[in-house]
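Asks: got a predicted structure plus its sequence, pasted below:
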Amino acid sequence: MLQLTLFLAQIFGITFLLAGLTMLLERKMMLEVLRDMVENRALLYVLGILDLIFGLAIVLTHNVWDADMLTTTITAIGWLTLIKGVGRMVIPTATIKRWYSKNNIGKMLPFAGLIMIVVGGYLTYNGFWPMYY
């Protein structure tokens, strides 16, 4: 299980770091991407299927809730990805559009980017340089 945890931490860590940096450095482009994504039901559905596949893959191979923060973080990411995938597939487009406009995603983007960088940094560091394994 240790090797799988470290492997997933490396993948998610690098991905989250790059996504967070993009949110901070390319805010205008990210807002366009999000706006276009919400307008395209077919794209939302395909992304939902991909999230469902990735989420299920993690949940089925790494569903470990214990006192170890790295292991639990990976498991939580798997469950959140699975839930996001189901949501993208079944929630009506109008509801998704309302949620995006009501929550003013543009103002939340820098905060989301910082969270992604912090989580990505934690995962990358512990994935490549595990201190306590």
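Replies: Cool, the structure landed. Numbers count the residues shown, from 1 in each chain.

Asks: and the gap between I115 and F54?
Replies: Counting by C-beta to C-beta, to the nearest Å, the gap from I115 to F54 is 19 Å. The C-beta positions use only the backbone N, C-alpha and C, and glycine is treated the same way.

Asks: then F12?
Replies: Here the criterion is C-beta to C-beta. By it, F12 lies 10 Å from F54.

Asks: just G121 next, same as before
Replies: From G121 over to F54 the distance is 21 Å, taken as C-beta to C-beta.

Asks: of these two, which one has the most company?
Replies: Looking at G121 and F54 with other C-beta atoms under 10 Å, you find the greater number of neighbours at F54, namely 17 against 14.

Asks: just checking, next helix/strand downstream of the helix or strand that one falls within?
Replies: Take DSSP states H and E as the rule and F54 turns out to sit in helix 41-61. Going down the chain from helix 41-61, the next helix or strand is helix 69-90, by DSSP H and E.

Asks: check the offset of the helix or strand just after that next one from the chain's centre.
Replies: The element immediately downstream of helix 69-90 (helix or strand, assigned by DSSP H and E) is helix 93-102. Relative to the mean C-alpha coordinate of its chain, helix 93-102 is positioned 19 Å out (C-alpha atoms, centre = their mean, to the nearest Å).
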